[in-house]
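Undergrad: Generate a structure from the sequence data that follows.
(chains A and B)
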Amino acid sequence: MIAAVVFLVVAVGVILSLVRFRSRGVTTAEPRQVFGSQKLEILWTVVPLMIASGLFVVTVRAMVSIDAPQDSDRPPDLVITGHQWWWEARYPNGVVVPWDIHIPASRRLRARIESADVIHDFWVPDLARKMDAVPGRWSYIWLEADTPGTYAGTCSEFCGAQHAWMRFRVIAQPEQDFEAWLNNEAKATGNDVPDPAELLFRNKCERCHTVVATEPSSGKGPSLAHLASREFLGSGISRNTPENLTLWLTDPQAAKPGNRMPKVPLTGAERTMILGYLEGLR
Amino acid sequence: MTWLLALDHKRIGILYMLSALLFFLAGGMEAMVMRAQLAAPNLKLISPQIYNQMFTMHGTTMIFLVAMPVLTGFGVYLVPLMIGANQTALPRLGALSFWLQLLGGVLLYFSFATGSAPNAGWFSYAPLSEKPFSPGPGVDFWAFALLLIAAASIGAAINLIVTIATERAPGMTMRLVPLFVWMTFVASVMIVFALPALAAALVMLLSDRLLAAHFFDPAQGGAPLLWQHYFWIFGHPEVYIVVLPAFGMISEIIPVFSRKPIFGYPFVATSTVAIAFLSYGVWAHHMFAVALGRNFLAIFAAASMLIAVPTGMKIFSWIATMWGGSIRFTTAMLFAVAFLLEFTIGGLSGVAFATVPVDWQLTDTYFVVAHIHYVLFGGTVFALLAGVHYWFPKFSGRMLDEKLGHWSFWLVVLGFNTAVFVLHFLGLIGMPRRVYTYPDLPWYGALNLISTIGAAILVFGILLVCANVAMSLFFGAEAGDDPWNAWTLEWAAASPPLAQNFAEVPEVRSRRPLWDRKHPEAPDWMHV
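TA: Predicted structure coming up:
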């Protein structure tokens, strides 16, 4: 608003001088030589100064109301960690979930933002201020959704090859739905007696990907617990379909160029087995 | 060969300008590659790795290989002429600085030949720029090249400072120098104080990468944020380093084509010094998204808002200079007037970012991309284009074609605003910057396509300017010494100036020595 008014003042000044004082015809006479006016100069120093002061007051007020205290004793309701290139949320009950972050609606959550590698920035435009995730530092924000719904978020600090696909969603649910979801996430997904497919997964994939929902992630790759219930793969780059999942198993660099997953040598039969296993993780 | 060994300030100046033009075309091509990749959602014209190299090289090129050297070139060429001197004070240092600068540029571009051009951004934030996350040699090339360029910039700045301090014509006190000289002086002092911070940070980064130090590695007790503090203590004054000399050009061109002296010279000059001081106290506004503590942020917000005041004073002074004048619409004047409007847009979006909560939403989005391009293209480049059209007759002895000039002006204005204004909206609807592609969200595709079309128009405008310069060099009308009926000393020398600029040292009694000569009945020194 203020910016629009100031621009209008400048634009009108420029255009008026251009129209009123354009030189007409070939004239050698020079206009009256004016060197300045202290009154005017002081005026256009003081008025902007006053505008800036007013803006400063408004700014500080808004900062106080938006920003979460960094040094409160209250433990975080949610710990959010940035990795190259996915986000991960850890809940107080120990559940670790990659990509989409579920929260209860209409509750003001104190979220701690961390990074596991380089600097990222956690940004959900509709819900909170953006906050840099700096390795070796804990930063806190208020995260709150007034109404249940799905809110888009993205990394907002350049963090390497796949900065573009470090997207996520915050899914705000009514309190009971959220509790139900969290309890389901905490459930184990494997069988009591490992079948050959699970053993194969453990052999080939488990060094980077856990399937135990309450196990802290290795930091190398996102937890694959409940993978079959996720809507997207690779922080939003593709939908979770059998075809796309197969592409991740055959050629991860084609699925998401530059990502940190190496190509794991698998025979066709092994691929089918692991795919079946992952499709069963609900 | 004579050019290789040249010490003459005019030749060094031309060399600076030509090398800057070359790199400007390279940086422009990098921008076009990015605009092509972003023309539609989910395009796969280039890989993310190549895209990241493109924006790293585009930013580094435009700041270090275009904006700084071209302004140094104008300064080295024009300052001695404007102060009635025949040479710069330290011609050998001047020549050394140019060749170091060029070597830095060549080194930076040589990285393409290794297959790993720098890709961590022109700001190369640690720890992304550290060995574990950027293993290729690209960042090393980047850091070594910038070290050379930092040394070269400091050398060139010292040459200009000493020249302005010691070589002025008799009677020309520091209160009487043309504003371009004044602002080049202030910018040069700023270079001497700002670039060492960058050089120190680069040495630390290279130590981390090549000698296994750990200045920026948190796992070993280092601090990633230390890099950001160092980089922006250099980086924000840098913005004014590449804007102040452009302000100086505008302050020469608007008076001549309005036929009036600059309105409020002491205010314009003093506000420049105010900007220089304040610019060292605003760096953390590049880090508002880091949790640095509320009081700390508030101080930097206040300083960042304050710096808008001396900048605004200048805009009003330029308008007041036109007011009551007799305005001649040459191509140079058109670019200068467009500068006023474009730069004001960039300045106002800058104040928006000083408002911390706005920054907490919009930083690192396309809104910032729009802001910096309104400042650096709408500001610096528009002023430079005005300067090229104004001083080309002095450089070459020939006039640029005004008809082509008007065409290129409208193409550049149309192309630039189409390409960049829509980026404000993209930022407001949440598109982060430095992404090689984006999902098909509402409006994203359409706005990006408009921007790409605008960029293509802009390329035509710029190429038309180049064609005009090339053709006019051979076929332009003879300019004569003083084609614009101007007032500063460079127009008393021949066009192009002889090896010795002035046969006799002109006497100076006011800010407009040539006005005094042309109007003995009402010289300036009578009433200033």
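Undergrad: List the contacts of the nearest residue to A:Gln38 once chain neighbours are set aside.
TA: Using Cβ to Cβ, 6 or more residues apart in numbering or on different chains and skipping the chain neighbours, the partner closest in space to A:Gln38 is B:Gly264 (8.0 Å). Heads up, the C-betas are built off the backbone N, CA and C, glycines and all. Applying Cβ atoms under 8 Å, 6 or more residues apart in numbering or on different chains, we find B:Gly264 in contact with A:35-38, A:40-41, B:317, B:320.
Undergrad: looking at it, B:Pro170 is touching B:Glu507, isn't it?
TA: Yes - assessed by Cβ atoms under 8 Å, B:Pro170 is found in contact with B:Glu507 at 6.3 Å.
Undergrad: Pick out whichever of the two has more residues nearby.
TA: Neighbour count, other Cβ atoms under 10 Å in any protein chain shown: between B:Pro170 and B:Glu507, B:Glu507 has more, with 13 against 10.
Undergrad: Find the residue closest to the more buried one in space, skipping its chain neighbours.
TA: Excluding the flanking residues, the one nearest B:Glu507 by Cβ to Cβ, 6+ apart is B:Gly171, at 5.7 Å.
Undergrad: One more: B:Phe335?
TA: Closest to B:Phe335 by Cβ to Cβ, 6+ apart is B:Ala386, at 3.7 Å.
Undergrad: how far away is that neighbour from B:Phe377?
TA: Distance, B:Ala386 to B:Phe377, by Cβ to Cβ, to the nearest Å: 13 Å.
Undergrad: A:Val64: neighbouring residues, count only.
TA: 10.
Undergrad: again, but for A:Asp126
TA: 13.
Undergrad: My read is that it contacts A:Thr150, right?
TA: No - using Cβ under 8 Å, A:Asp126 is not in contact with A:Thr150, being 10.0 Å away.
Undergrad: which secondary structure element contains the residue lying closest to B:Ser134 once chain neighbours are set aside?
TA: Using Cβ to Cβ, 6+ apart and skipping the chain neighbours, the partner closest in space to B:Ser134 is B:Ala120 (5.3 Å). Assigned by DSSP states H and E, B:Ala120 falls within no helix or strand.
Undergrad: Reduced to three states, what does B:Trp122 come out as?
TA: Assigned by DSSP: H, G, I helix; E, B strand; the rest coil, the conformation of B:Trp122 is coil.
Undergrad: Could you find the closest non-adjacent residue to the residue in chain B that chain A sits nearest to?
TA: Residue nearest to chain A within chain B: B:Pro218 (2.9 Å; Cβ to the nearest Cβ). Spatial nearest neighbour of B:Pro218, chain neighbours left out: A:Gly136 (2.9 Å); criterion: Cβ to Cβ, 6+ apart.
Undergrad: give me the number of residues near that neighbour?
TA: Counted with other Cβ under 10 Å, A:Gly136 comes out at 15.
Undergrad: now it, what's its secondary structure?
TA: Following three-state DSSP, A:Gly136 is assigned to coil.
Undergrad: and what of A:Asp132?
TA: Under three-state DSSP, A:Asp132 comes out as strand.
Undergrad: shouldn't it be in contact with A:Ser139?
TA: Yes - using Cβ under 8 Å, A:Asp132 is in contact with A:Ser139, at 6.7 Å.
Undergrad: Need the residues touching each of those two.
TA: By the contact definition Cβ under 8 Å, 6+ apart, A:Asp132 and A:Ser139 are jointly contacted by A:113, B:290-291.
Undergrad: If you rank these by neighbours, which is first?
TA: Of the shared contacts of A:Asp132 and A:Ser139, with other Cβ under 10 Å as the count, A:Ile113 tops at 27 neighbours.
Undergrad: can you tell me the residue of the stretch 151-282 of chain A closest to chain B?
TA: Residue nearest to chain B within the stretch 151-282 of chain A: A:Ala164 (3.6 Å; Cβ to the nearest Cβ).
Undergrad: ok, and the closest non-adjacent residue to that residue?
TA: B:Val435 is the one closest to A:Ala164 (Cβ to Cβ, 6+ apart), at 3.6 Å.
Undergrad: State the three-state secondary structure for the one you found.
TA: Here B:Val435 is recorded as coil under three-state DSSP.
Undergrad: cool, A:Arg169 as well?
TA: Strictly by three-state DSSP, A:Arg169 counts as strand.
Undergrad: what's the distance between it and A:Trp87?
TA: Distance from A:Arg169 to A:Trp87, by Cβ to Cβ: 10 Å.
Undergrad: if I look at these two, which residues touch both of them?
TA: Contacts common to A:Arg169 and A:Trp87, judged by Cβ under 8 Å, 6+ apart, are A:99, A:101, A:153.
Undergrad: For A:Ser238, state which of those is nearest.
TA: Distances from A:Ser238 to the shared contacts of A:Arg169 and A:Trp87, taken as Cβ to Cβ, are shortest for A:Trp99 (12.1 Å).
Undergrad: number of nearby residues for that closest one?
TA: A:Trp99 has 21 nearby residues by other Cβ under 10 Å.
Undergrad: Same check on A:Pro262?
TA: Using other Cβ under 10 Å, A:Pro262 has 10 other residues around it.
Undergrad: From what I see, it and A:Pro252 are in contact.
TA: Yes - counting by Cβ under 8 Å, A:Pro252 is a contact partner of A:Pro262 at 7.3 Å.
Undergrad: what's A:Pro31 in contact with, if anything?
TA: Here A:Pro31 is in contact with A:21, B:258-260, B:324-326 (Cβ under 8 Å, 6+ apart).
Undergrad: Name the member of the residues you listed with the shortest distance to A:Asp67.
TA: When the contacts of A:Pro31 are ranked by distance to A:Asp67 (Cβ to Cβ), B:Ser258 comes first, at 47.9 Å.
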